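Student: The amino acid sequence is not available; the structure is as follows:
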């Protein structure tokens, strides 16, 4: 039931109860009033009649009986004379000789005792409700007799009935008016409640701009003010939470570390783009699914279960093999609920590159040590031989010193190459000095310079320049060094009687410098590493190594300085194509 209906029902119930009580009180009061008034009238009439006949000697005389009839008509009442023994001597409405002894009548009993007696009952003689009043008449010896005067209560009952009808009508009118007043009074209370309730529903539905406008200073007004104040505070709190959430979302979306949130039941509840990238999955496919659908690793599961049991932070490094092999480092952190760990946040770092760099670093140290040790060993060995007496033999000493000199030059060349590579990797400005160059001039110079070495190896070096006047923005020395390194690398690995092609091609956005050989080719698994320092293809025997393994690394960094790239296409047994891509300056 609505509050308005309950209030209306309450008001009407209270009003009806009050009016009924008031009606009953009025009815009772009116009954008592009219009875008392009628008793007073009868008592007064009885006193007047008593003073008249008290002096009469014989109450049974015709005169007394005539006086009874006359005064009964005058008083519009019934008068009965009763002896002190209860015998009826005269009666204005009935034959006294036929009436029974009245000594036992209640009012007569009281009168015979010297008091005015009253009684109301149904009269068997008159067959109507009657009020009797018995008035004692005294003599010297006591009560001489009783004057009983009675009057029908029909008039009183008619008056009371009329009054009851008036009271009932008043009650109905009062109830109708009370109902209207109660209805409007209930509306004055419930309308603000209704407005507050509707506004609260809209606020609960998310409309935080909604406000309650009540120009009242009572409890409703204070409630409206409190709700408006609460809404403002809620709006600010939501704005703060939203800002924090957006900042956190931005941080998670742009973190270079992968983040995964897993519930205590092992269901994925959140993941950021970097984690999607690491595991090559999407949020739509794993949302609220077990993490084992994409991450199956025994050590990871052990760490996850342990953090749920112990609630302590931990870290783990493991390897995933699908969809591709990766080394991953994970940091586990618990998120507590009221009494237990309810979620676990795992931060992932893809350390595959670091592992690869560690291996490259290890290989570089080993290769550099090997390259440096070879000439140093030769220098050390021949110098010790000379010191032990070979200096006395002029021919031997000259040959040894010549070898020491060549090994020293080789060592100096290796150190200078490492220094050049270091400067290129750091991108120092004093190394890179670009200018507008004719590509034909650069390639023709390299072609002529490498002809003798090609002929010594029985290789035909071919040059293809479709547009010799084409220019490119580049550093002359660095670009020349890059072309020299690619041609020298091709000549070393082409074998005897092969062909090496030096060519240039143009696209709308790029200039392509290509060196193609028909040598042994490079296995696919090694093409990614040939541009690393000191790296050489593994199918070559150590005794067949013809360089330091730094040339292609220098080419890569020269291309990067020119905002270009270097790439290779190779097939084992059919040869390779090395290609430098440079921006087309037109």
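Tutor: Received the coordinates, thanks. Fair warning: this is a prediction, and the values are worked out from it, not measured in the lab. Numbering: from 1, shown residues only.

Student: Could you list the low-pLDDT ranges of the stretch 101-250 of the chain?
Tutor: 124-126 (pLDDT under 70).

Student: quick one: the helices in the stretch 451-586 of the chain?
Tutor: 451-456, 476-493, 551-561 (DSSP state H, counting those that start in this stretch).

Student: What separation do you get for the closest residue to residue 451 other than its chain neighbours and residue 402?
Tutor: Spatial nearest neighbour of residue 451, excluding adjacent residues (C-beta to C-beta, 6 or more residues apart in numbering): residue 461 at 6.2 Å. Quick note: C-beta positions are derived from backbone N, CA and C, even for glycine. Going from residue 461 to residue 402 by C-beta to C-beta, to the nearest Å gives 31 Å.

Student: quick one: which of the two has more around it?
Tutor: The neighbour count for residue 461 versus residue 402, taken as other C-beta atoms under 10 Å, is higher for residue 461 (22 against 11).

Student: which residues does the more buried one form a beta bridge with?
Tutor: residue 500 (DSSP bridges).

Student: Give the full set of residues in contact with it.
Tutor: 447, 450-451, 454, 487, 491, 500, 502 (C-beta atoms under 8 Å, 6 or more residues apart in numbering).

Student: about what we covered before: out of the helices of the stretch 451-586 of the chain, which comes closest to residue 341?
Tutor: Smallest distance to residue 341 across those (C-beta to C-beta): 47.9 Å, for helix 551-561.

Student: buried sites along the closest one?
Tutor: 551-559, 561 (16 or more other C-beta atoms under 10 Å).

Student: what do you get for stretch 391-404?
Tutor: In stretch 391-404, counting by 16+ other C-beta under 10 Å, buried: 397, 400, 404.

Student: Tell me where the stretch 101-250 of the chain has helices.
Tutor: Going by DSSP H, counting those that start in this stretch, the stretch 101-250 of the chain shows helices at 106-112, 154-204, 219-254.

Student: follow-up on the earlier one: okay if I get the helices of the stretch 451-586 of the chain as a markdown table plus mean pLDDT and distance to residue 187?
Tutor: Formatted as a markdown table, the helices of the stretch 451-586 of the chain follow (pLDDT from 0 to 100; distance: least, C-beta to C-beta, whole Å):
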| stretch | mean pLDDT | distance to residue 187 |
| --- | --- | --- |
| helix 451-456 | 86 | 108 |
| helix 476-493 | 87 | 92 |
| helix 551-561 | 85 | 82 |
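
Student: Show me the one of these that comes nearest residue 165.
Tutor: Of all the helices of the stretch 451-586 of the chain, it is helix 551-561 that lies closest to residue 165, at 114.7 Å by C-beta to C-beta.

Student: Centre of the chain to that closest one, how far?
Tutor: Here helix 551-561 is found 53 Å from its chain centre; the criterion is C-alpha atoms, centre = their mean, to the nearest Å.

Student: what does stretch 562-576 give?
Tutor: So, by C-alpha atoms, centre = their mean, the centroid of stretch 562-576 is 54 Å from its chain's centroid.

Student: first to last residue in that stretch, what's the distance?
Tutor: Distance between the boundary residues of stretch 562-576 (C-alpha to C-alpha, to the nearest Å) amounts to 23 Å.

Student: rewinding a little: distance-wise, check the residue nearest to residue 451 relative to residue 305.
Tutor: Distance, residue 461 to residue 305, using C-beta to C-beta: 66 Å.

Student: before we move on, what about residue 560?
Tutor: To residue 305, residue 560 is 47 Å away according to C-beta to C-beta.

Student: Drop anything exposed from the contacts of residue 461.
Tutor: Buried by 16+ other C-beta under 10 Å: 447, 450, 454, 487, 491, 500, 502, out of the contacts of residue 461.

Student: what about the first one, which SS state?
Tutor: With DSSP: H, G, I helix; E, B strand; the rest coil as the basis, the three-state label of residue 447 is helix.

Student: In contact with it, which residues?
Tutor: Shown here is residue 447, whose contacts under the criterion C-beta under 8 Å, 6+ apart are 461, 463, 502.

Student: rerun that using 6 Å as the cut-off
Tutor: Residues near residue 447 by C-beta atoms under 6 Å, 6 or more residues apart in numbering: 463, 502.

Student: Identify the residue spatially nearest to residue 382, adjacent ones excluded.
Tutor: Counting by C-beta to C-beta, 6+ apart, residue 382 lies nearest to residue 400, which is 4.4 Å off, once chain neighbours are set aside.
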